[in-house]
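Asks: Curious how this folds, go ahead:
(one chain, ligands or ions: 1)
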Amino acid sequence: MGGADLYTDGLHTADRRLVRANARDRAVNGCGRKVSVYQRLVVVGATGAVGRIACTLLEERNYPWQQIKFLASRRSAGTKIRFRGEEHTVEELRPEVFHKGDLVISSTPDDVAREFIPAAVQRGAVVVDESGAWRMDPQVPLVVPEVNPEALASHSGIVASPNCSTTQLVMAMKPLHDAGRIRRVVVSTYQATSGAGVVGQRDLDQGSRAALQEEPYAYECFVHPIAFNLIPHIGSPKHEGYTSEEMKMVWETHKIFGDDTIGVCPTCVRVPVTNCHSEAILVETERPLSVADARKLFAAAEGITLLDDLAEKQYPMPLFCSGKDDVFIGRVRKDLSCDNGITFWCVSDNLRKGAATNAVQIAELLARRDSAV
Ligand SMILES: NC(=O)c1ccc[n+]([C@@H]2O[C@H](COP(=O)([O-])OP(=O)(O)OC[C@H]3O[C@@H](n4cnc5c(N)ncnc54)[C@H](OP(=O)(O)O)[C@@H]3O)[C@@H](O)[C@H]2O)c1
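Replies: A predicted model of the protein is given here:
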């Protein structure tokens, strides 16, 4: 498929539909006939790498939230955030802040999410959580709106958004799984430093400058220097030699598809790229799919942009996918080593669809679904 125009195409089909639906909701709200049960949107972790993008998205997407509040740690309390032309003061996260009718988008470390979310839910708030704290809780749906929106129906106050490396994987798997039933996936990730938050971004920036000037630099976030290096270790040792990041990809994929018989073999690698995770993915399907079938399925899928013309040097790259909401796929090929294998390259902005975009989409779906007439 042709290239440059696809990179500049900001909204994908699902978002366009959502924007049209939001406009309809605004119109209905204007007539006073249909009102969301959520009176206030609360952004927790608003000063972090994901939280800042969530704020940008909320401005861009223009959903008609009545009130908005920004929270972070005590360190950031009192700092200012500009939102839709007005200055807002960041407040310290405390349980008393939450009330019935709050819809919360939360992007904090796992331990913070584990502690404050039950208290927020007890006070009547509904929380969309980006952290890993609640994803595998059987009572908590783990949702990618283009893949398993039906899971939202069963929430009891918490909805989890998957790990960034899982989200782009399941987005890519979904059309092939629907058409040919995926039995096995082998995935190698090339994960950007922004995946480790503000500190990870700073480590790459300052570590690279120091390396070029042959000066020492004490990395805050990575276990080895990331500048001019690759680190095949994300998270902590978890299971049979796999890391916690790798096991998230296995367990979250099973939960999202509701099928723990899908074989998933991940290798997660941190690379010196500022933003956007890339993945080399090989899937084996039960029913054979040709390369032409796979390309057609990717091209038609919501939230996916196919960019696949090797002769014209068209394929997704992190530098050009950054700031985009879609998951980009290219280099679609037949696996030469097995009968029903398709292999491809997949790039996604980990701070957008891998985190903030997915959470904001979930929040918008909840707000539209839970509207009272
Ligand atoms: N980065 C990604 O690509 C990505 C993708 C998917 C999911 N996630 C998940 O999203 C969450 C946030 O990640 P991030 O990359 O945005 O991290 P980050 O840049 O380190 O930001 C963390 C945010 O949490 C706040 N926070 C920290 N401790 C707190 C406390 N005790 N009370 C209240 N707020 C506190 C921070 O506030 P201060 O600024 O005041 O410290 C900041 O706003 C993590 O669970 C991460 O695993 C990240």
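
Asks: okay, now S236: neighbour count?
Replies: 8 (other CB atoms under 10 Å). Any C-beta I mention is one placed from the backbone N, CA and C, and that applies to glycine too.

Asks: Repeat that for G207.
Replies: G207: 23 surrounding residues under other CB under 10 Å.

Asks: Reduced to three states, what does it come out as?
Replies: Put simply, G207 is helix when judged by DSSP: H, G, I helix; E, B strand; the rest coil.

Asks: Hmm, C221 and it touching each other?
Replies: No - applying CB atoms under 8 Å, one finds G207 not in contact with C221, separated by 9.7 Å.

Asks: if you skip the residues just before and after it, what's nearest to G197?
Replies: A49 (4.7 Å; CB to CB, 6 or more residues apart in numbering).

Asks: Same check on R369?
Replies: Per CB to CB, 6+ apart, closest to R369 is L152, 7.0 Å.

Asks: Spit out the contact partners of the one you found.
Replies: P141, V143, V159, I362, L365, L366, R369 (CB atoms under 8 Å, 6 or more residues apart in numbering).

Asks: Validate this expectation: it resides in a strand.
Replies: No - membership of L152 in a strand is not supported by three-state DSSP, which gives helix.

Asks: mind checking the SS state of the residue in the stretch 151-300 of the chain that the ligand sits nearest to?
Replies: The ligand sits closest to G197 of the stretch 151-300 of the chain, with a gap of 3.0 Å, by CB to the nearest ligand atom. Assigned by three-state DSSP, the conformation of G197 is helix.

Asks: residues from the chain in reach of the ligand?
Replies: For the chain, the contact set with the ligand under CB under 6 Å from any ligand atom comprises 45-51, 72-73, 75-76, 93, 107-110, 112, 130-132, 163-164, 194-195, 197-198, 350-351, 354-355.

Asks: on that earlier part again, per-residue confidence at the residue nearest to R369?
Replies: For L152, the model assigns a pLDDT of 95.

Asks: Relative to Q361, how far out is it?
Replies: L152 is 11 Å from Q361, where distance means CB to CB, to the nearest Å.

Asks: same thing with A292?
Replies: Applying CB to CB to A292 and Q361 gives a distance of 30 Å.

Asks: Of those two, which one has the most company?
Replies: Each of A292 and Q361 has its neighbours counted (other CB under 10 Å); Q361 has more, 25 against 9.

Asks: With adjacent residues omitted, what lies nearest to that one?
Replies: P145 (4.6 Å).

Asks: In three-state terms, how would that neighbour be classified?
Replies: P145 ends up coil, using three-state DSSP.

Asks: thought it was touching N358?
Replies: Yes - using CB under 8 Å, P145 is in contact with N358, at 7.2 Å.

Asks: what number of residues lie near the closest residue to P162 other than its chain neighbours?
Replies: The shortest distance from P162 to any non-neighbouring residue, by CB to CB, 6+ apart, is to E252 (4.8 Å). The tally of other residues near E252 (other CB under 10 Å) stands at 24.

Asks: which residue ranges form the strands in the stretch 251-373 of the chain?
Replies: Counting by DSSP state E, counting those that start in this stretch, the segments of the stretch 251-373 of the chain that form strands are 263-270, 277-285, 304-306, 327-334, 341-348, 371-372.

Asks: and T56, which of the ones you listed is closest to it?
Replies: Of all the strands of the stretch 251-373 of the chain, it is strand 341-348 that lies closest to T56, at 16.7 Å by CB to CB.

Asks: ok, residues contacting the closest one?
Replies: Contacts with strand 341-348, where a contact means CB under 8 Å, 6+ apart, come from 164, 167-169, 171-172, 176, 276-285, 289, 291, 294, 298, 315-318, 321, 326-335, 354.

Asks: now these: which count as buried?
Replies: When these are checked for burial by 16 or more other CB atoms under 10 Å, the buried set is 164, 167-169, 171-172, 176, 276-279, 281-285, 289, 294, 298, 315-318, 321, 326-332, 334, 354.

Asks: Return the distance of the residue nearest to Q361 relative to E252.
Replies: P145 is 15 Å from E252, by CB to CB.

Asks: same check, this time on S106
Replies: 18 Å.

Asks: Please apply the same query to K353.
Replies: Distance from K353 to E252, by CB to CB: 15 Å.

Asks: same question, V271
Replies: Taking CB to CB, one finds V271 at 21 Å from E252.

Asks: ok, now L152?
Replies: L152 is 16 Å from E252, where distance means CB to CB.

Asks: what sits against A359?
Replies: Taking CB under 8 Å, 6+ apart as the test, what A359 contacts is V50, A54, I105, S107, V128, E130, S161.

Asks: pLDDT score assigned to it?
Replies: Predicted confidence (pLDDT) for A359: 98.

Asks: Please apply the same query to V223.
Replies: 91.

Asks: tally of neighbours for the nearest residue to it once chain neighbours are set aside?
Replies: Spatial nearest neighbour of V223, chain neighbours left out: H233 (6.3 Å); criterion: CB to CB, 6+ apart. Here the number of neighbours of H233 (other CB under 10 Å) works out to 16.

Asks: mind pulling up the phi and psi values for H233?
Replies: phi -160, psi 100 (degrees, to the nearest 10).
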